[in-house]
Structures are given as C-alpha cells and as structure tokens.
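*Asks:* Compute the structure for the input listed below.
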Amino acid sequence: MVSALLCVFAFLAGLCSALAQDYTGDGLKSQHLYNLAKFINWPESKFPGPDAPLRVGFVGTSGVRDLFEEANKNTRVASRSIVTLSVHSSKEVRDCHILFVGSQIAKG
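*Replies:* The predicted model follows:
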C-alpha cells in the first residue's frame with residue numbers, strides 16, 4: 001500500500017514538473033500571445049482576403065517564436081491559420097497583426 005502511494009506521488013510530482021516547464025518563461029509568453037490572438041475580435045477589414053492568415057511578428061527573440069510556432073503550427077484563430085514572421089525593419093511591422101518585442105530589444 002505504501003509503495004503504491006509512493007509510486008502515485010512520484011508520478012504526480014513528475015507530471016507537475018513536466019507541466020511547469022511548459023508554462024514558464026518563454027513558454028508562458030508564447031501561450032499569452034496565442035490567448036491574445038484568440039480573444040481579439042479581428043475585423044475582416046484587417047485582412048486582405050477571407051483566407052489570409054493571422055500574422056504574428058517577432059523582434060529579437062527566437063525562443064518565444066520557436067515555442068509559439070511549434071505549439072500553433074496547425075492552430076486556427078477565428079478560422080484563420082497563424083503565420084509567424086521575423087521582423088527586422090519598421091516596414092515589416094505593418095505586415096503584423098500582433099508584434100512581440102523581446103526583452104533584450106525592449107531594454108535596448
């Protein structure tokens with residue numbers, strides 16, 4: 001009985017640890033970006049056509065972008081696919097519906 005309880009406790013501790021890793025640091029930022037996209041009522045006038053994707057731009061951060069891409073590669077927001085962009089100039093900012101600026105750039 002005690003060994004069974006220890007096994008359950010060890011399993012739950014490992015599970016909690018694994019879940020915590022997904023929602024700390026860059027993973028948490030990535031999840032917040034998705035939630036932001038999901039809860040905004042996007043007007044049709046902000047898209048060039050009915051099949052145009054939602055564009056999320058990233059400046060100066062690869063960790064958040066990589067996690068966001070991996071988590072949302074087959075995800076849709078308001079029936080639109082999600083496309084990520086690396087933004088390197090102010091001209092490219094206009095192509096984004098959401099722009100994430102990494103902390104190293106923001107402190108700049």
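*Asks:* Tell me the helix or strand right after the strand or helix carrying residue 35.
*Replies:* If you go by DSSP states H and E, residue 35 is part of helix 26-39. Next along the chain after helix 26-39, taking DSSP H and E as the criterion, comes strand 54-59.
*Asks:* which helices and strands sit right next to that following strand?
*Replies:* helix 26-39, helix 63-72, strand 80-86, strand 98-101 (3 or more CB pairs under 8 Å, 6 or more residues apart in numbering; DSSP states H and E). For every residue, glycine as well, the C-beta is placed using N, CA and C.
*Asks:* Among these, which comes closest to residue 49?
*Replies:* strand 80-86 (10.4 Å; CB to CB).
*Asks:* so how far is the helix or strand just after that closest one off the chain centroid?
*Replies:* Per DSSP H and E, the first helix or strand lying C-terminal to strand 80-86 is helix 90-93. Distance, stretch centre to chain centre, for helix 90-93: 20 Å (CA atoms, centre = their mean, to the nearest Å).
*Asks:* do the same with stretch 83-103
*Replies:* Per CA atoms, centre = their mean, the centroid offset for stretch 83-103 relative to its chain is 14 Å.
*Asks:* Using CSV, list the CA coordinates for that stretch.
*Replies:* The C-alpha trace of stretch 83-103 is given here as CSV (Å, rounded to 0.1, in the frame of the first residue of the first chain):
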residue,chain,number,x,y,z
VAL,A,83,1.9,32.7,-39.6
THR,A,84,4.9,33.8,-37.8
LEU,A,85,7.3,36.5,-39.1
SER,A,86,10.8,37.6,-38.1
VAL,A,87,10.6,41.4,-38.1
HIS,A,88,13.8,43.3,-39.0
SER,A,89,12.6,46.7,-40.1
SER,A,90,9.8,49.1,-39.3
LYS,A,91,8.3,48.5,-42.7
GLU,A,92,7.7,44.8,-41.8
VAL,A,93,5.8,45.8,-38.7
ARG,A,94,2.9,46.9,-40.8
ASP,A,95,2.5,43.3,-42.0
CYS,A,96,1.8,42.1,-38.5
HIS,A,97,-1.5,41.8,-36.6
ILE,A,98,0.5,41.1,-33.3
LEU,A,99,4.1,42.1,-32.6
PHE,A,100,6.2,40.6,-29.9
VAL,A,101,9.3,42.5,-28.9
GLY,A,102,11.8,40.5,-27.0
SER,A,103,13.1,41.9,-23.7
